[in-house]
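S.K.: What follows is a predicted protein model with its sequence.
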Amino acid sequence: MTLNRISFLLVLALLAGLTAPARAAEPVITSEEHDFRVVVLTRGLEHPWGLAFLPDGRLLVTERPGRLRLVAADGTLDPRPVEGLPPIAARGQGGLLDVALHPRFAENGLVYLSYAARGEGGVGTEAARGRLVDHRLEDVKVLFRQQPKSSGGRHFGSRLVFDRQDQLYITLGDRGEMARAQKLDDLAGKIVRLTADGQIPTDNPFVNQAGVRPEIYSLGNRNVQGAALHPITGELWTHEHGPQGGDEVNVIRAGRNYGWPIITYGAEYVIGTKIGEGTHKPGMEQPLHLWVPSIAPSGLAFYQGDRFPRWRGDLFAGALRGQMLVRLRFDGEKQVREERLLQGELGRIRDVRAGPDGYLYLLTDSDDGVIARLEPVAR
């Protein structure tokens, strides 16, 4: 072996020795059930909002200003945004929001987006789909437009979830105009259900009722920014922002009224006066879990992987105001445990996803947002 060859191998060994401990240097977080590390995979995202896992190991990430980004499995951010997106209105809390893959994405390549868009009367939440081809969405089609639109910059929702029948749920905020959440001819403050190609399912709860939007699946929802299917029942679980206090976890069922703004556990901002008629009313649903004061929840995922076996079945929510990750355990629909993790460690957690590799992934909402991954550490 030549001297140059030996020197080259020594350099490689030295570099390996320098780089290998980098992950081990990350602090170990101790929780009730598991110890773990938070590994930052990607930096430099501008207010990332939603995350989806592609079959080839890459990730799709939305940035609220209106960009859809591709991230390699090792966390490398592709500098080229995906092209071909529909027109997006980045305004206030609005912009490019959630991303979801068609359940048969491996066959059809369809990607679904929710976002704020301009139209007659102002701005509102919309949803579209397109076929991902290299760095472009092709054959883009708008499937849903929230009506009526309005001028405010708040409460757009919006999460996208497919159920086991490949039907699409779109969560919508009240746009800061609370009374709209109870109006059945208005799509604000609702969760709607569509087929994968944007049609109205024939078994939607308000189909063929005069004066009622047939897209509506539930009403009285203030601003739902977390939604996930229960791994056993297949029902849609959500959380939503309360005003000042009163963030809620709910199970969403067809035609149910979740009360906003007639009943709420929150109060008016600044002055703190009561909203609506109290906390209970016949015909309106009670939440499964409440946060008072508000944590401003965003992102929701049930964990079903093998990396953290004692977390299996638990529900994880991010928090913006609370700047933390919340683990909830339920016995059926009764909440029995809450654990607050990473308080103040990462910043505003916008999204939580359980990856196909068994890890938990987080997005942080900032000018220099990150994708972070929770990795177990043996006790």
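M.R.: Great, that's in hand.

S.K.: and the nearest residue to residue 33 once chain neighbours are set aside, helix, strand or coil?
M.R.: Computed as CB to CB, 6 or more residues apart in numbering, the closest residue to residue 33 that is not its neighbour in sequence is residue 310, at 3.9 Å. In short, each C-beta sits where N, CA and C put it, glycine included. What DSSP: H, G, I helix; E, B strand; the rest coil gives for residue 310 is helix.

S.K.: how many neighbours does residue 310 have?
M.R.: The tally of other residues near residue 310 (other CB atoms under 10 Å) stands at 12.

S.K.: Over to the one 4 residues further on?
M.R.: As a burial measure, residue 314 scores 18 neighbours (other CB under 10 Å).

S.K.: Let me see the contact set for it.
M.R.: By CB atoms under 8 Å, 6 or more residues apart in numbering, residue 314 lies in contact with 302, 303, 327, 328, 329.

S.K.: Helices - which of these land there?
M.R.: Among the contacts of residue 314, none falls in helices (DSSP state H).

S.K.: what about the residue nearest to residue 33, distance to residue 298?
M.R.: Per CB to CB, to the nearest Å, residue 310 is found 25 Å from residue 298.

S.K.: Residue 353: what's it in contact with?
M.R.: Applying CB under 8 Å, 6+ apart, the residues near residue 353 are 51, 52, 53, 299, 301, 360, 361.

S.K.: Pull up the pairing partners for the helix or strand in which it is found, direction included.
M.R.: Assessed by DSSP states H and E, residue 353 sits inside strand 349-354. Strand pairing for strand 349-354, determined by DSSP bridges: strand 360-364 (antiparallel).

S.K.: now the strand it pairs with: mean pLDDT?
M.R.: Average pLDDT, strand 360-364: 98.

S.K.: and it, how far out from the chain's middle?
M.R.: 10 Å (CA atoms, centre = their mean, to the nearest Å).

S.K.: where along the stretch 1-150 of the chain do the strands fall?
M.R.: With DSSP state E, counting those that start in this stretch as the criterion, the stretch 1-150 of the chain has strands at 29-30, 35-45, 48-53, 59-63, 67-71, 96-101, 110-119, 122-133, 136-145.

S.K.: Next up, the contacts around residue 231.
M.R.: 302, 304, 313.

S.K.: any weak-confidence spans in the stretch 201-350 of the chain?
M.R.: Within the stretch 201-350 of the chain, no stretch has pLDDT under 70.

S.K.: count of neighbours near residue 324?
M.R.: Using other CB under 10 Å, residue 324 is surrounded by 21 other residues.

S.K.: For it, which non-adjacent residue is closest in space?
M.R.: Spatial nearest neighbour of residue 324, chain neighbours left out: residue 343 (4.4 Å); criterion: CB to CB, 6+ apart.

S.K.: Next one: that neighbour from residue 323, what distance?
M.R.: Note on residue 343: its distance to residue 323, by CB to CB, is 7 Å.

S.K.: When these two are compared, which one has more neighbours?
M.R.: Between residue 343 and residue 323, counted using other CB under 10 Å, residue 323 has the larger neighbour count: 19 against 12.

S.K.: show me where this structure has helices.
M.R.: Using DSSP H, helices in the chain cover 3-19, 21-24, 105-108.

S.K.: rank these by pLDDT, which is bottom?
M.R.: When the helices of the chain are ranked by mean pLDDT, helix 3-19 comes last with a mean of 37.

S.K.: Next up, the contacts around residue 103.
M.R.: Residues in contact with residue 103 (CB under 8 Å, 6+ apart) are 162, 166, 196.

S.K.: quick one, what contacts the first one?
M.R.: If I follow you right, that is residue 162. Contact analysis of residue 162 by CB under 8 Å, 6+ apart lists 100, 102, 103, 168, 169, 196.

S.K.: burial count for residue 293?
M.R.: By other CB under 10 Å, 14 other residues sit near residue 293.

S.K.: which residue packs closest to it, ignoring adjacent ones?
M.R.: Spatial nearest neighbour of residue 293, excluding adjacent residues (CB to CB, 6+ apart): residue 245 at 5.2 Å.

S.K.: wait, isn't that neighbour in contact with residue 296?
M.R.: No: applying CB atoms under 8 Å, one finds residue 245 not in contact with residue 296, separated by 11.0 Å.

S.K.: Tell me which of these two has more neighbours.
M.R.: residue 296 (19 against 15).

S.K.: I figured that one was touching residue 318, is that so?
M.R.: No: using CB under 8 Å, residue 296 makes no contact with residue 318, being 9.2 Å away.

S.K.: Which residues are in contact with the residue nearest the centre of the chain?
M.R.: The residue lying closest to the centre of the chain (CA atoms, centre = their mean) is residue 299, at 3.6 Å. For residue 299, the contacting residues are 225, 226, 317, 318, 349, 350, 351, 352, 353, 362, 363, by CB under 8 Å, 6+ apart.

S.K.: how does it look with 6 Å?
M.R.: By CB atoms under 6 Å, 6 or more residues apart in numbering, the contact set of residue 299 is 226, 318, 350, 351, 352.

S.K.: From residue 360, how far off is it?
M.R.: For residue 299, the distance to residue 360 equals 11 Å [CB to CB].

S.K.: Also residue 210?
M.R.: 46 Å.

S.K.: So those two - more neighbours on which side?
M.R.: residue 360 (24 against 5).

S.K.: The more buried one: what's it in contact with?
M.R.: Contact analysis of residue 360 by CB under 6 Å, 6+ apart lists 354, 374.

S.K.: for it, which residues make a bridge with it?
M.R.: With DSSP bridges as the rule, residue 360 is bridged to residue 354, residue 374.
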